[in-house]
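Colleague: I would like to see how this sequence folds:
(chains A, B, C and D)
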Number of protein chains: 2
Amino acid sequence: MKKEINPDTSSLKLTTARKAILEILHHSKHPLSYEDIKNSLLMDKATFYRNIAKFEEEGLIDSFESSDKKRYFELRKSPHAHFICKVCQKIECMNLPCTFEMEAYTIENVIIKGKCPHCR
Amino acid sequence: MKKEINPDTSSLKLTTARKAILEILHHSKHPLSYEDIKNSLLMDKATFYRNIAKFEEEGLIDSFESSDKKRYFELRKSPHAHFICKVCQKIECMNLPCTFEMEAYTIENVIIKGKCPHCR
DNA sequence: GACTTAATTGCGACTGAGTTGCACAAAATT
DNA sequence: AATTTTGTGCAACTCAGTCGCAATTAAGTC
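Modeller: The predicted structure is shown next:
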């Protein structure tokens, strides 16, 4: 029996490096940047980025850029938006109060930038 | 008489370099990346980025990252969202059909990633 | 378990955006 | 016209992310 990450659509092998990345993301409450985790990563950064790319292709994770110019990664959960405060740089996951109804567009990711209640 | 970009709040001088950046952004229909304009820029890239930073502080321009990992710049116009297609990488400016009502948050920028009608 | 092979990894070299310190230039202020 | 402030060019730097390649490993087959 093949040990695959996503048996239906994927042909990714479940390696130690991949397990480590998914573990880290799984145990975090918020999206993480490469800088956040590079010290806990035993693998080479090329391996990290190659796997991140694969995971994104497979739809396992999402990534986006914050206003601090860093890229953040998280496991793809139920669709939700991210709010990024331009002042304190904090990233919040939000349940969007309104659902977008944009015909013909598939929405995968929403990023809202502005100022959070604390920083206004 | 002082020549300033925004006499009320700013102390930025309207220099040739700054005029050039604003000109280029003003004449473009869509947000531009550094790569898009570097060949038309006569100034040093340090000057470019320092001015971009000033402009952002002053609220004259906005910038955001696309899924092609490039940073895009545009003049701040009436608030509107950007849709970025993950497949063809095209960036569209959209009039959001629903207004967000997020109390205590100030929204300055909305980025929606997904697939456009062409790429679905 | 040993064998095969395609996928995965580490390494080192590289790219290119963005930053920084510094000395010089251009405005603005006195 | 001298002084202070602000802006610029240059060169050196940082660091995320990529690439080619040779060595390693997971998964399937016997």
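
Colleague: mind checking if the longest strand seen in chain A is in reach of chain B?
Modeller: Scanning chain A for the longest strand, with DSSP state E as the assignment, gives strand A:106-115. Yes - Strand A:106-115 is in contact with chain B by Cβ under 8 Å from any Cβ of the partner chain, via A:106, A:107, A:108, A:109, A:110, A:111, A:112, A:113, A:114, A:115. Every C-beta, even on glycine, is put in place using the N, C-alpha and C of the backbone.

Colleague: could you identify which of the residues you listed has the most neighbours?
Modeller: Neighbour counts for these peak at residue A:111, which has 24 neighbours (criterion: other Cβ atoms under 10 Å in any protein chain shown).

Colleague: circling back: ok, and what's touching the longest strand of chain A?
Modeller: Where contact means Cβ atoms under 8 Å, 6 or more residues apart in numbering or on different chains, the residues beyond strand A:106-115 that reach it are A:62, A:64, A:67, A:79-87, A:94, A:96, A:100, B:64, B:86, B:100, B:105-115, B:120.

Colleague: go on, stretch A:34-45?
Modeller: Taking contacts as Cβ under 8 Å, 6+ apart, the residues outside stretch A:34-45 that touch it are A:17, A:20, A:21, A:24, A:48, A:70, A:71, A:73.

Colleague: show only the entries of those residues found in helices.
Modeller: The helices, defined by DSSP state H, take in A:17, A:20, A:21, A:24, A:48 from the contacts of stretch A:34-45.

Colleague: hang on, the earlier thing: what average pLDDT does the longest strand of chain A get?
Modeller: Taken as a whole, strand A:106-115 has an average pLDDT of 88.

Colleague: that one versus strand B:106-115: what angle between them?
Modeller: With axes from the mean of the first three to the mean of the last three Cα atoms, to 10 degrees applied, the angle from strand A:106-115 to strand B:106-115 works out at 160 degrees.

Colleague: determine how far strand A:106-115 lies from the middle of the whole chain.
Modeller: The chain centre lies 13 Å from the centre of strand A:106-115; the measure is Cα atoms, centre = their mean, to the nearest Å.

Colleague: what lines up beside it in the sheet?
Modeller: For strand A:106-115, the paired strands and their directions (DSSP bridges) are strand A:81-85 (parallel), strand B:106-115 (antiparallel).

Colleague: to residue B:31, which of those strands lies closest?
Modeller: strand B:106-115 (10.6 Å; Cβ to Cβ).

Colleague: any residue of stretch A:67-79 touching DNA strand D?
Modeller: Yes - with Cβ under 7 Å from any atom of the strand as the threshold, stretch A:67-79 lies in contact with DNA strand D, specifically through A:70, A:71.

Colleague: which parts of that stretch are buried?
Modeller: A:67, A:71, A:72, A:73, A:74 (16 or more other Cβ atoms under 10 Å in any protein chain shown).
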